[in-house]
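Novice: I'd like to go over a predicted model; first the sequence, then the structure.
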Amino acid sequence: MIRTPDQRLRVFVSSTLRELADERRAVRTAIERLRLAPVMFELGARPHPPRALYRAYLAQSDVFVGIYAESYGWVAPGEEVSGLEDEYNLAPASMPKLIYIKASEHRDERLLDLIERIRSDDTAAYLPFETAAGLEEQVAGDLATLLAERFDETRRTDSAESPASAASPPQRIPVPYTATIGREDDVARVRSILERDQTRIVSLIGPGGVGKSRLAIETTRATKDLFPDGMYFVLLEGVLEPGLLVPTIAYTLGIRDNGEAALEGRIAHALAGRRVLVVLDNFEQIVESAPVLVRLSTAAPLAKFLVTSRVVLRIRGEQVYDVVSLPTPDATASPSLDRTLRSSACMLFVDRASAVKPGFTINEENAADIADICRRLEGLPLAIELAAAKVRLLNPRGIADRLEQTLPLLTAAARDLPERHRTIRAAIDWSVSLLPDIHRDLLDDLGVFATRFTLEAVEAVGVGRSWDGTGLESLAALVDASLVKQAEIDGRSVFSLLAIVREYAIGRLRARGDADVVRAAHADYYRGFVARVAPGLRGAGQADAVAQLGLELPNLRAAVRHLVYTDRLDDAGDFAWSLLIYWWIAGFFAEVRVWMLELLGKERPITQHTRAVAWFFALWGEMWQRPSDGVVAGIGECVRLFAESGDEDASTMALAARATARLTLPMPDVKTADLELTEAVQRLHALGNTWAEGITEVSRGRLAWLVGQPDEALARFNRATEIAEASGDLFTLSVAGNHQARLLLLRGEVDAAEDGCIRTLLVSIRLHHEEGIAYGLEGLCAVAAARGEGARAGTLSAVAAAIRHRIGVFDAEAFRVHTPQLDAIRAVAPDSVAAGERRGAELTVAEAVALALPEAEAAAVQQSLTEW
């Protein structure tokens, strides 16, 4: 559902314009009293010319309010109904409709027919009124009642009716904050391409600012029925290294990279057999990695990829769709209001202008100027939006005059760019040229930030800059100029730049020679941020620390990139190492490996500690995916380098990693690994590193389990659980608890195993750790099977399997303890298990967890489950 910038519901108001001017003002007041957003189509209920505009408004509104008096409205030549009736016809059947009929003895005959039809419409409320003042109170009361009823309905809805499934996580599609205008035909054409069975990869190609990302968003909204297993929107604007494409896709799909399997293969497993749409936005900067999409689409033929790019990918199976500018009025025809109203480019200008200057309307006097503006800007949506923002200061004639004077000069100065790239660059140049110097300087400096940023971060970077001390008001000015976007995430205000504006800003910053200075300030701010937050990863603040770091992840990536780019390699190594626990929990080892290999490739002087950090991250994935004596030796070198640099803590963690590497060899060195793990636990305990001590105890337990020492394994898991509980380490508590519960199941201690599964399931929910939830559900599946509850066992097994499929994580055979119990009860009660599996396939993760937990525990985590 489209929301206004502050996420309010939108109420579309339909009426004739002049006849009901007072009533329209009254309805606007009523809507705003309830903190809702009035969608007042101030062109009035006109005939066909602006139909595309009010259709877009309607499609993105939540409630329809109709006000009717005496006039049916004008029926344009070639049309069968007036704009008033057309708006009612276009309102979706599912949209609540409040229809207010003004008392009158004289009505147009066709309006009487429309009102009679409304009386028989079960989706519309028919409500008489007499005065504008009375209408205001009536609308306010009716809307409040409607919203209360709708809220109550959602609370009463049976959760079993939810259309989502365990294989379909919440949609990750960006929410546009303004109406999309003039793209209906494009959406329909792209949908028709995606409907074809042979289509695997569709590329939306066009210059920056033409609206590729918006078209991709609207296409996802229009194709949900084609992709029942999920839709994912992968933002690539801050991804500059081709090697980061796969980790970024994995992150969006919810796949953690723990290094234990090749990430591309896990993505292929996660997508296989699923009808999903993966949108990849701003692909042009990593176009060399396009062959990855061919491999993924070959491995998962039901999945489809929708790509936005300024350049064609030129890969096998690519279907190219050229995204063109919005239509503008014919320059050879005489200008008129009707011709201007038929242009979606002009309608976009009017929409954005009225948003920044309430009361702005198109009329006979300004229509030609608006048409001239849109033609000069070649129908490019971003350029039009930037121009429309100027109506606060200039009327359309003034805007058109300035474009006529400056646009040719600006486009001529950028002859090395393709034609429409020149136009959008010139439009940004012109918009920026109208700003005071300190606002221009701030925009340039914002180019170092990633996808989003906070005021605090901006002010920190601004120390010593020309705009120092004016961050808030300067940001507000850039928002007003439509160069910076503002939104709210988790209760805090955040800002962002469009990718093309960021590119423009960083280009200007480089030209001024200030890029490295501002990059350094950005990196220093986030180094300080990490220094404040990272210590919480080791204890009771772990869940909050993971959440904070997750919100800032794009800028953490940018900070590492800035440090490496500016040759602050030791700072980059320290930054990466301080977040080791976060990379582990969130699963970002592949990304860090890319940065560390780049660091090593610079062949510049670095400390032994930095070299050890870089090699550790580079070897982690090798240890699991391509184990060898060379990997063991390499991690051993990390042990030595850390020790010689004076970091005993890091040296000991590397020692535990070397022991694990010995166990992954084709011929595992069990004895040496056991000695090293034991030594590591003792040293970590002495150092007070409870997080690493607990994780290493889990490794000792797994080793004992594999060599047939279940009592020793249970003792190690118990110890890891004690350490994690004492420190508040949720991640280790989840990992150790699941191993502990599974071993108890093998020993036949069903009640104790159930308690353990419930505890660790609750912990995994707090940490939003889906792999841990899969483990917990599998454990409770085994408990249900042991008790003869076939349907329950089948349900929990199906949900856990769907989670594992989606995140691409599959357990080692030795630790897959629920399948024997499930197979045993399936042999006794096959119909019951099958019925449970069918039910499990229809449940969301939240629904399955609520089913798995006892009533009291489920109630305690209800809020977390609703936000899942």
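Specialist: Nice, thanks for sending it over.
Novice: and residue 121, what is it in contact with?
Specialist: By CB atoms under 8 Å, 6 or more residues apart in numbering, the contact set of residue 121 is residue 97. (C-beta placed from N, C-alpha, C; glycine too.)
Novice: again, but for the one 4 residues further on
Specialist: Residues near residue 125 by CB under 8 Å, 6+ apart: 96, 97, 98, 99, 142.
Novice: need the residues you listed in a markdown table with neighbour count and distance to residue 245, can you?
Specialist: Below are those laid out as a markdown table (neighbours: other CB atoms under 10 Å; distance: CB to CB, whole Å):
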| residue | neighbour count | distance to residue 245 |
| --- | --- | --- |
| 96 | 19 | 43 |
| 97 | 20 | 46 |
| 98 | 21 | 48 |
| 99 | 21 | 51 |
| 142 | 18 | 51 |
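Novice: excluding its backbone neighbours, what's nearest residue 549?
Specialist: Among residues not flanking residue 549 along the chain, residue 582 sits closest, at 5.2 Å (CB to CB, 6 or more residues apart in numbering).
Novice: show me what the helix or strand hosting the one you found is packed against.
Specialist: Residue 582 belongs to helix 580-586 when assigned by DSSP states H and E. In terms of contacts (3 or more CB pairs under 8 Å, 6 or more residues apart in numbering; DSSP states H and E), helix 580-586 is packed against helix 542-551, helix 589-601, helix 730-746.
Novice: give me the buried positions along the first one.
Specialist: Along helix 542-551, the positions that meet the burial threshold by neighbour count (16 or more other CB atoms under 10 Å) are 542, 543, 545, 546, 548, 549.
Novice: any idea how far residue 582 is from the fourth one?
Specialist: Distance check for residue 546 against residue 582: by CB to CB, to the nearest Å, it reads 7 Å.
Novice: out of the helices and strands packed on helix 580-586, deepest packed?
Specialist: helix 730-746 (a mean of 26; mean count of other CB atoms under 10 Å).
Novice: need the residues that contact the next helix or strand after it.
Specialist: Under the assignment DSSP H and E, the closest C-terminal helix or strand after helix 730-746 is helix 750-767. For helix 750-767, the external contacting residues (CB under 8 Å, 6+ apart) are 542-543, 546, 585, 730-731, 733-734, 737-738, 740-742, 744-745, 769-773, 775-777, 779-780, 782-783, 786-787, 849, 852-854, 857, 860-861, 864-865.
Novice: buried residues in stretch 58-75, which are they?
Specialist: For stretch 58-75, using 16+ other CB under 10 Å, the buried residues are 58-69, 71-73, 75.
Novice: could you work out the end-to-end span of it for me?
Specialist: One end of stretch 58-75 to the other measures 20 Å (CA to CA, to the nearest Å).
Novice: burial check on the residue nearest to residue 549, number of neighbours?
Specialist: 22 (other CB atoms under 10 Å).
Novice: which residues touch it?
Specialist: 534, 537, 545, 546, 549, 588.
Novice: distance of the closest residue to the fourth one other than its chain neighbours from residue 796?
Specialist: Using CB to CB, 6+ apart and skipping the chain neighbours, the partner closest in space to residue 546 is residue 585 (5.8 Å). Distance, residue 585 to residue 796, using CB to CB: 24 Å.
Novice: and these two? Which one has more around it.
Specialist: The neighbour comparison of residue 585 against residue 796 (other CB under 10 Å) goes to residue 796, with 32 against 25.
Novice: any idea how far residue 337 is from residue 19?
Specialist: From residue 19 to residue 337 the distance is 19 Å (CB to CB).
Novice: all helices of the stretch 201-350 of the chain, in order?
Specialist: 212-222, 245-253, 263-271, 291-299, 337-341, 344-356 (DSSP state H, counting those that start in this stretch).
Novice: those: which one's closest to residue 25?
Specialist: Among the helices of the stretch 201-350 of the chain, helix 344-356 comes nearest to residue 25, with 15.3 Å by CB to CB.
Novice: mind exporting the C-alpha coordinates of that closest one to CSV?
Specialist: Extracted in CSV, the C-alpha atoms of helix 344-356 (Å, rounded to 0.1, in the frame of the first residue of the first chain):
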residue,chain,number,x,y,z
SER,A,344,1.5,12.4,-18.5
ALA,A,345,4.7,14.4,-18.2
CYS,A,346,2.7,17.5,-17.6
MET,A,347,0.4,15.7,-15.2
LEU,A,348,3.5,14.7,-13.3
PHE,A,349,4.6,18.3,-13.1
VAL,A,350,1.2,19.4,-11.8
ASP,A,351,1.1,16.6,-9.2
ARG,A,352,4.5,17.4,-7.8
ALA,A,353,4.0,21.1,-8.0
SER,A,354,0.7,20.9,-6.0
ALA,A,355,2.5,18.8,-3.4
VAL,A,356,5.0,21.5,-2.7
